[in-house]
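Enquirer: I'll drop the sequence and a predicted model, then ask my questions.
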Amino acid sequence: MLNKSKNWVHRIGIVVTITALGITAGRRVAAQGDKTISESDCTAIRVETAIPVSAIGEPVSAVTLNTPRWIAATGNAPAYCSVDGSMAPIDRSPTAKPILFRVALPAAWTRRAAQLGGGGTNGVIPILTGEPLQRGFATYGSDSGHQNPPAARGAGPDPAASDWWSNDEAVRNFGYMQMKKTHDAAMVIIERMYGERPRFNYYIGNSQGGREALTVAQRYPADYDGIGATVPVVSLSSLQVAPVLIRIQEKAAANWVTPAKVNAIRGEFMRQCDKLDGLADGIINNYIACRSIFDVRKGPPNRQPWAAKRCPDNVDPNPADTSANACLTDGQISTLQFVYSRYPFSSPLANGVQTFGMWLPNTDPSGSSLMAAARVRGQEGASAGAPLYSYIGAPGITAGLMRDLGANPLDYTENDVTLRRRRELSEILDSTNPDLTVFQRRGGRMMVTIGTNDTLASPGAQLDYYQSVIDKMGQAAVDQFARFFVVPQTGHGLTGVNYAVDGDGKTIPSRQIPNAIDRLSVLMDWVERKVAPGKSLIVTAGENSLPLCSYPTYPKYISGPASSSSSYACSAD
């Protein structure tokens, strides 16, 4: 059990001493009730060399296990037995790939397990030696059924490693089947090693792994007791398309929003939205009201949220102006309205979803290549040798949607053929099913956390999913099993700072937005001790604190020091 009087604070990426769980000086020691193993147990005799395909709940043709390896304790990581395996596909074509997976079995096991999600488009087994293993969990994960080391941030993926997008089984593995297959294989290995299966099983993921965490709650609810999803890429099929649609919107040179306009854009967001939470502090806490201002597809028609930034006579006198005073042409405004408004589909995708939420007003409008510094092939003004538009999701468009890995993504058009394929991919890739009744009724608990400054995922799609679950199940039912947290003005890593110029135009000191909380302990308390977290928790950053509010509420300033959570209340008004 977790003793909250002990030191169990978890800051993003840092785990401190957790004495109640038997962690001392950064290394876990056996606690009463643990099951223990040693190096002599870490053998092929114990875990065997194969798993029957009948034990796997989705189709595979074989499951083979490598010789286990004993890993000595280092730093915060305890000693553990590492078991690697491979699941062969049913399809025998060259584009079908195996699923490579790994299970980490700690020397002192607390009868807990956690499946860890991937990142990007996966292609590698996630690191299993983090906080759950340090707390005595058996941890496991896979490369999701293709081998594709992640590219550097901002660089396009390796086309030679993206041919799996053209294979239906590989795409379905990536979308959902690998999670079930890896889970089932891990359960067999855990039982062989310890003589029993976990009492509590969790899925913990960030970004792509966050999508996977939501997916297992939707598709395999009987397999998991707790779900921890952080910044999930909820509508993956649309998230892959959206950057291409922005570049297509900017095919005409007049529509190109250049990086020179960054300060003008975020300055306007701040001018109109900073004080919506009752305080001018360079932080847009009231993200819902701010989104309503700039999403021109919702609310009263013919609104002009960018009117104050329009260039006189639609002529930009100084396109190189990087100040907050720079103006915007009509074409640039049309692109900004495109980026910050919901994108409507011509016909619904999986689970009846009719729009893609796109992005929320934020202080990083050029982040994750939402703005382009140069023209690409197919755009007006691009040179003959201009490169093709490339980004992390490009193969999902060219190979997965257009069925041609070498195609120019900007040649994508929505017609009967591509729309049919869009629906197919949406059914496979998107974690948008709002009906979590089965997961709820069997006692599952879920914590999802997003940041509104996230430019890599889509906060708009995430918020729309939150709302769809509430609409489907009702707020009272949702409160019984889920917390949908939002950390305003933080990015894909849930970190952020206030903007240096507040909504009144005053220059203010920079400070980190509070974000630190031990989410895993909160989830474990809820799952294992039935101690439900409040719909408002406290996050910290040094001496600063702020309420962490569950959607649809936000931290509204009431009175008192701006740096204290006691000065705010979670409000929907």
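Expert: Received the coordinates, thanks.

Enquirer: residue ranges with poor pLDDT in the stretch 351-500 of the chain?
Expert: For the stretch 351-500 of the chain, no stretch is flagged by pLDDT under 70.

Enquirer: quick one: the strands in it?
Expert: 355-356, 445-451, 482-487 (DSSP state E, counting those that start in this stretch).

Enquirer: again with the stretch 1-150 of the chain
Expert: Along the stretch 1-150 of the chain, counting by DSSP E, counting those that start in this stretch, strands occupy 10-11, 14-15, 23-24, 27-28, 35-36, 62-65, 69-71, 80-88, 99-106, 108-109, 112-116, 137-142.

Enquirer: among these, which is the most enclosed?
Expert: Per-stretch averages of neighbours, counted by mean count of other C-beta atoms under 10 Å, single out strand 137-142 among these, with a mean of 29. In this view, the C-beta of every residue, glycine as well, is placed from N, C-alpha and C.

Enquirer: counting by contacts, list what that strand packs against.
Expert: strand 99-106, strand 112-116, helix 178-194 (3 or more C-beta pairs under 8 Å, 6 or more residues apart in numbering; DSSP states H and E).

Enquirer: strands paired with whatever helix or strand comes next after the last one, and their directions?
Expert: Same thing as helix 178-194. For helix 178-194, the following helix or strand on the C-terminal side (DSSP states H and E) is strand 200-206. Applying DSSP bridges to the sheet, strand 200-206 is found paired with strand 112-116 (parallel), strand 226-230 (parallel).

Enquirer: mean pLDDT and distance to Leu370 added to the ones you listed, as TSV?
Expert: As requested, the strands paired with strand 200-206 are exported to TSV (pLDDT from 0 to 100; distance: least, C-beta to C-beta, whole Å):
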stretch	mean pLDDT	distance to Leu370
strand 112-116	98	28
strand 226-230	98	21
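
Enquirer: figure out which of the ones you listed is closest to Val257.
Expert: strand 226-230 (29.3 Å; C-beta to C-beta).

Enquirer: how far off centre is the closest one?
Expert: 10 Å (C-alpha atoms, centre = their mean, to the nearest Å).

Enquirer: just to revisit the earlier point, now for the strands of the stretch 351-500 of the chain, which one comes closest to Ser458?
Expert: strand 355-356 (7.0 Å).

Enquirer: need the helices and strands packed on strand 137-142 in a markdown table with distance to Val60, can you?
Expert: Below are those laid out as a markdown table (distance: least, C-beta to C-beta, whole Å):
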| stretch | distance to Val60 |
| --- | --- |
| strand 99-106 | 8 |
| strand 112-116 | 17 |
| helix 178-194 | 6 |
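
Enquirer: and Cys81, which of the ones you listed is closest to it?
Expert: Cys81 lies closest, by C-beta to C-beta, to one member of the helices and strands packed on strand 137-142: strand 99-106, at 4.3 Å.

Enquirer: partner strands of the closest one and their direction?
Expert: Its sheet considered, strand 99-106 pairs with strand 80-88 (antiparallel), strand 137-142 (antiparallel) by DSSP bridges.

Enquirer: quick one on the thing from earlier: next, format the strands paired with strand 200-206 as CSV and append distance to Ala399.
Expert: Converted to CSV, the strands paired with strand 200-206 look like this (distance: least, C-beta to C-beta, whole Å):
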stretch, distance to Ala399
strand 112-116, 27
strand 226-230, 27
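
Enquirer: out of the ones you listed, nearest to Pro533?
Expert: Evaluated over those, closeness to Pro533 peaks at strand 226-230, with 11.9 Å, by C-beta to C-beta.

Enquirer: export that closest one as PDB, just CAs?
Expert: Output of strand 226-230 as PDB, limited to C-alpha atoms (Å, rounded to 0.1, in the frame of the first residue of the first chain):
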ATOM      1  CA  GLY A 226      -5.600   1.000 -14.600                       C
ATOM      2  CA  ILE A 227      -4.900   3.200 -17.600                       C
ATOM      3  CA  GLY A 228      -2.500   6.100 -17.500                       C
ATOM      4  CA  ALA A 229      -2.600   8.000 -20.800                       C
ATOM      5  CA  THR A 230      -0.500  11.200 -21.300                       C
END
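
Enquirer: tell me which residues are up against it.
Expert: Taking contacts as C-beta atoms under 8 Å, 6 or more residues apart in numbering, the residues outside strand 226-230 that touch it are 200-207, 209-211, 213-214, 216-217, 439, 444-450, 494, 519-520, 523-524, 526-527.

Enquirer: what's the PyMOL syntax to select whichever of those residues are buried?
Expert: The buried residues among those can be selected in PyMOL (16 or more other C-beta atoms under 10 Å) with this line:
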select buried, resi 200+201+202+203+204+205+206+207+209+210+211+213+214+216+217+439+444+445+446+447+448+449+450+494+519+520+523+524+526+527
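
Enquirer: and Ser458, which of the strands of the stretch 1-150 of the chain is closest to it?
Expert: With C-beta to C-beta, the closest approach to Ser458 among the strands of the stretch 1-150 of the chain belongs to strand 112-116: 22.8 Å.

Enquirer: quick one, the closest one and helix 178-194 angle?
Expert: Calculated by axes from the mean of the first three to the mean of the last three C-alpha atoms, to 10 degrees, strand 112-116 forms an angle of 150 degrees with helix 178-194.

Enquirer: now do strand 112-116: distance to the chain's middle.
Expert: On C-alpha atoms, centre = their mean, the centre of strand 112-116 falls 18 Å from the chain's centre.

Enquirer: what residues does that strand touch?
Expert: Contacts of strand 112-116 (C-beta under 8 Å, 6+ apart): 126-128, 130, 132, 135-141, 179, 182-183, 186-187, 190, 198-205, 209, 216, 224.

Enquirer: same question for stretch 345-360.
Expert: Stretch 345-360 has contacts (C-beta under 8 Å, 6+ apart) with 235, 237-239, 241-242, 287, 290-291, 297, 338-344, 370, 414, 419, 422-423, 426-427, 430, 432-434, 452-453, 455, 458-464, 468.

Enquirer: out of the residues you listed, list just those in helices.
Expert: 237-239, 241-242, 287, 290-291, 338-339, 419, 422-423, 426-427, 459-464, 468 (DSSP state H).

Enquirer: quick check: buried residues in stretch 492-504?
Expert: In stretch 492-504, counting by 16+ other C-beta under 10 Å, buried: His492, Gly493, Leu494, Thr495, Gly496, Val497, Asn498, Tyr499, Val501, Asp502, Gly503.

Enquirer: a markdown table for those, including distance to Asp364?
Expert: Listed next are these as a markdown table, based on distance: C-beta to C-beta, whole Å:
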| residue | distance to Asp364 |
| --- | --- |
| His492 | 10 |
| Gly493 | 12 |
| Leu494 | 13 |
| Thr495 | 11 |
| Gly496 | 8 |
| Val497 | 10 |
| Asn498 | 13 |
| Tyr499 | 10 |
| Val501 | 15 |
| Asp502 | 17 |
| Gly503 | 17 |
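
Enquirer: looking at those, which is nearest Gly267?
Expert: Val501 (6.5 Å).

Enquirer: list the contacts of the closest one.
Expert: Gly267, Met270, Gly282, Ala324, Thr507, Ile508.

Enquirer: list the beta-bridge partners for it.
Expert: Thr507.

Enquirer: per-residue pLDDT of it, please?
Expert: At Val501, the model reports a pLDDT of 98.

Enquirer: now the ones in helices among the contacts of stretch 345-360: which count as buried?
Expert: Buried members of the ones in helices among the contacts of stretch 345-360, counted by 16+ other C-beta under 10 Å: 237-239, 241-242, 287, 290-291, 338-339, 422-423, 426-427, 459-464, 468.

Enquirer: circling back to that earlier point, so which of the strands of the stretch 1-150 of the chain gets nearest Ala541?
Expert: Of all those, strand 10-11 comes closest under C-beta to C-beta, at 8.9 Å.

Enquirer: low-confidence ranges, the protein, go.
Expert: 1-30, 32, 149-160.

Enquirer: where does the closest residue to Arg377 other than its chain neighbours fall, phi/psi-wise?
Expert: In this structure, Arg377 finds its nearest non-sequential neighbour in Ala386, 4.6 Å apart by C-beta to C-beta, 6 or more residues apart in numbering. Here is the backbone geometry of Ala386 (degrees, to the nearest 10): phi -60, psi 140.

Enquirer: having no further points to raise, I will conclude here.
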